[in-house]
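**Student:** here's a sequence, model it:
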Amino acid sequence: MTRSKSGDGSHTLAGDRTHIVLVPGFVGFDALGQLEYYAGVTGEFNAWRTSSSVRAGDVAIHYFDNFPTASVEMRSRRLRSYLAKRIARGVIGAGDRIALVGHSTGGLDIRRALHDLVQEPEENVYLDNSYSVSHGDVLQRVRRIVFLSVPHYGTNIAEFACRFDHTSKNLLADADWAVELRRASLGEVRRQLLRAVPEPSSNLLLALADALNESDERAESDEDQAAEREARAQLGLWLGHMSKDLRIVQDLRVYSDTIQGSKSPAHFSRQDRAVELRAWRDYDVSTASYATMIPARYARTSEAMRRLLAMLKSAAAFVDGGSEILALLPQPASSMALGPVLLSALLLLYRDPKLLFGVCHALCADPGGPFGQLDLISTGRVAPSVTEFSSGRTIASTSIDTSDSDGIVNTLSQLWPYDPERPGAHRIELVHADHGDIIGHHKLRPERGSVSKNEFGRKYEAYDFFQSDFQFEHFSQVWRGVFDFCTEV
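**Tutor:** Model prediction:
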């Protein structure tokens, strides 16, 4: 593969294009109504393309829309089918290259997809009952993988979430039911209540209000009404998927030798990972990773928070057992039982917008959680050092504690891939950011679309969901680095 120069001094990739495919993570989507999972990335892509020597026609970006909380195995099958379909339709040509970028669980989806492609390269993905693309056809095009905040060894927060499986499903089912219910008179009651109180400072509550407002079917123009019907359908489908299938939480549990039968790469053994690394080497696949962490001085867990979480863990069996019984009741009986719980949580967020990050970080930092008992460094399961993104300094992994995280994923879990036989083969950079910062949700940005022109549309296009005290300032630089890596030859 060679580069050729054009008359204007720019270069083109001879005989191929690079297709950058962005894979969403947990509860992920491409777009939910007007809300984009990778917020602002298209703008960064076009700014990078304008300043880069790579010509515009030589690189394209694609946004993959996955199931929000299905198992990694199911999500990875969908990814394989997505890639095969674009090869079959000529979108990705014979000489083209694929660069896969995965955030959070999306990185595990990528690993599982490649694992299955490598295991059976002669197998086919059948499309439209009339055409097939072999696993090998997909594999030969994949040249780059970028991991963003990926829990390669699981995360403490998933262990906690497993305790409330029935409760989570019930709350999601109630929310799905309420999406339809609010279209009647209760929807107007909700709008009147929101007008009567000051706008919340919690970005999560603002996002929730936007999701409801943009699907209220109260816009004036035909175009806006169609957009709101689409948003309502997407919101209902998203909630419905999650209420029926939360298997992804099991796939994100902390790595342990005692976990049997898991298809999640987070639970791959040392031998499985060695096979995985050899396959990437054989197929000439390079990786770059961005591990995220909020500096400890911005993420201290209070004693009150520790006591609260200890109480929740103690009550988990009772609460989830009760939720299992409530699930047998018809709507709206179950909603009337769990509704006060959800309302109380929303009121707490209204009063303290930093509560979300505080709870999530405390769960990741829980010394009683299984991640705190996992020795990844001395056993050589993660890279012994990483490069700090902001300074370029080499940081020893021993300086990162098991309690350090980005609010969702323990940072040490992100320090893979690491190949002891080729220590420098897989670069890893440490970025000071929370879990949402890295994908563009690092500040509140007003919506610029047409639907926001009336009071029922979306007001914002991106949010600082976690609202930690740390201010992330390297979004553009990170993504320009991602695009540079994806298009390297």
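
**Student:** tell me the spacing between Leu193 and Leu239.
**Tutor:** 21 Å (C-beta to C-beta, to the nearest Å). In short, each C-beta sits where N, CA and C put it, glycine included.

**Student:** now the strands for the stretch 1-150 of the chain?
**Tutor:** Assigned by DSSP state E, counting those that start in this stretch, the stretch 1-150 of the chain shows strands spanning 3-5, 11-13, 18-23, 31-32, 35-36, 59-63, 97-103, 124-127, 131-134, 142-148.

**Student:** count of neighbours near Gln271?
**Tutor:** Residues lying near Gln271 (other C-beta atoms under 10 Å) number 8.

**Student:** what's Val101 in contact with, if anything?
**Tutor:** Ile20, Val21, Leu22, Val23, Ile145, Val146, Leu148, Val482, Cys486 (C-beta atoms under 8 Å, 6 or more residues apart in numbering).

**Student:** confidence score at it?
**Tutor:** Here the pLDDT value assigned to Val101 is 99.

**Student:** and for Phe268?
**Tutor:** Value listed for Phe268 in the pLDDT field: 96.

**Student:** excluding residues flanking it in the chain, which one is nearest it?
**Tutor:** Spatial nearest neighbour of Phe268, excluding adjacent residues (C-beta to C-beta, 6 or more residues apart in numbering): Glu276 at 6.9 Å.

**Student:** now do the same for the one you found: its pLDDT.
**Tutor:** pLDDT, Glu276: 97.

**Student:** Asp116 too?
**Tutor:** 97.

**Student:** sorry, back to before: okay if I get the strands of the stretch 1-150 of the chain as JSON lines plus distance to Arg281?
**Tutor:** Shown next, in JSON lines, are the strands of the stretch 1-150 of the chain (distance: least, C-beta to C-beta, whole Å):
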{"stretch": "strand 3-5", "distance to Arg281": "24"}
{"stretch": "strand 11-13", "distance to Arg281": "22"}
{"stretch": "strand 18-23", "distance to Arg281": "21"}
{"stretch": "strand 31-32", "distance to Arg281": "36"}
{"stretch": "strand 35-36", "distance to Arg281": "34"}
{"stretch": "strand 59-63", "distance to Arg281": "25"}
{"stretch": "strand 97-103", "distance to Arg281": "17"}
{"stretch": "strand 124-127", "distance to Arg281": "24"}
{"stretch": "strand 131-134", "distance to Arg281": "21"}
{"stretch": "strand 142-148", "distance to Arg281": "13"}
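
**Student:** lowest average pLDDT across those?
**Tutor:** Looking at the strands of the stretch 1-150 of the chain, the bottom one is strand 3-5 with a mean of 33.

**Student:** end-to-end on stretch 425-442?
**Tutor:** 30 Å (C-alpha to C-alpha, to the nearest Å).

**Student:** avg pLDDT for it?
**Tutor:** For stretch 425-442, the per-residue pLDDT averages 97.

**Student:** pull the number of nearby residues for the closest residue to Val54 other than its chain neighbours.
**Tutor:** Spatial nearest neighbour of Val54, excluding adjacent residues (C-beta to C-beta, 6+ apart): Thr487 at 5.3 Å. Counted with other C-beta under 10 Å, the neighbours of Thr487 add up to 22.

**Student:** what about Thr487, distance to Val138?
**Tutor:** 19 Å.

**Student:** show me the contacts for Ile395.
**Tutor:** Counted by C-beta under 8 Å, 6+ apart, Ile395 has contacts Ser385, Val386, Thr387, Glu388, Leu430.

**Student:** what about burial for those residues, which qualify?
**Tutor:** Neighbour-count burial (16 or more other C-beta atoms under 10 Å) is assigned, among the contacts of Ile395, to Ser385, Val386, Leu430.

**Student:** ok so, going back, the helix or strand where the residue nearest to Phe268 lies versus strand 142-148: what angle between them?
**Tutor:** Assigned by DSSP states H and E, Glu276 belongs to helix 270-282. Our comparison of helix 270-282 with strand 142-148, counting by axes from the mean of the first three to the mean of the last three C-alpha atoms, to 10 degrees, yields an angle of 130 degrees.

**Student:** and helix 270-282, what does it pack onto?
**Tutor:** Contact here means 3 or more C-beta pairs under 8 Å, 6 or more residues apart in numbering; DSSP states H and E; on that basis helix 270-282 packs against helix 105-119.

**Student:** now the helix it packs on: how far from the chain's centre is it?
**Tutor:** 15 Å (C-alpha atoms, centre = their mean, to the nearest Å).

**Student:** what stretches of the stretch 51-200 of the chain score poorly on pLDDT?
**Tutor:** Along the stretch 51-200 of the chain, segments meeting pLDDT under 70 span 56, 180-188, 190.

**Student:** which parts of it are helices?
**Tutor:** 72-88, 105-119, 135-139, 156-162, 165-181, 185-196 (DSSP state H, counting those that start in this stretch).

**Student:** for those, which one sits closest to Ile294?
**Tutor:** With C-beta to C-beta as the criterion, Ile294 lies closest to helix 156-162 of the helices of the stretch 51-200 of the chain, at 13.9 Å.

**Student:** any idea how many residues pack against Asp469?
**Tutor:** Using other C-beta under 10 Å: Asp469 sits among 12 other residues.

**Student:** list the contacts of it.
**Tutor:** Taking C-beta under 8 Å, 6+ apart, one finds Tyr298, Lys354 in contact with Asp469.

**Student:** what's it sitting at in phi/psi?
**Tutor:** Note on Asp469: backbone dihedrals following degrees, to the nearest 10 are phi -70, psi -20.

**Student:** and the pLDDT for it?
**Tutor:** 91.

**Student:** do Ser221 as well
**Tutor:** 77.

**Student:** among the helices of the stretch 51-200 of the chain, which is the most enclosed?
**Tutor:** helix 105-119 (a mean of 25; mean count of other C-beta atoms under 10 Å).

**Student:** contacts for it next, please.
**Tutor:** 23-26, 28, 66, 72-73, 75-77, 79-80, 83, 100, 102, 135-136, 138-139, 142, 145, 147-152, 248, 251-252, 263-266, 276, 279-280, 283, 285.

**Student:** neighbours of Tyr63, how many?
**Tutor:** That count, for Tyr63 with other C-beta under 10 Å as the rule, works out to 17.

**Student:** do His426 as well
**Tutor:** 19.

**Student:** residues touching it, list them.
**Tutor:** Ser286, Thr287, Ala288, Ser289, Ala383, Pro417, Tyr418, Asp419.

**Student:** next, it: phi, psi?
**Tutor:** phi -120, psi 100.

**Student:** and stretch 419-427, how far apart are its ends?
**Tutor:** 11 Å.

**Student:** could I get the helices of the stretch 51-200 of the chain as a markdown table with distance to Leu349?
**Tutor:** Converted to a markdown table, these look like this (distance: least, C-beta to C-beta, whole Å):
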| stretch | distance to Leu349 |
| --- | --- |
| helix 72-88 | 29 |
| helix 105-119 | 24 |
| helix 135-139 | 43 |
| helix 156-162 | 17 |
| helix 165-181 | 15 |
| helix 185-196 | 15 |
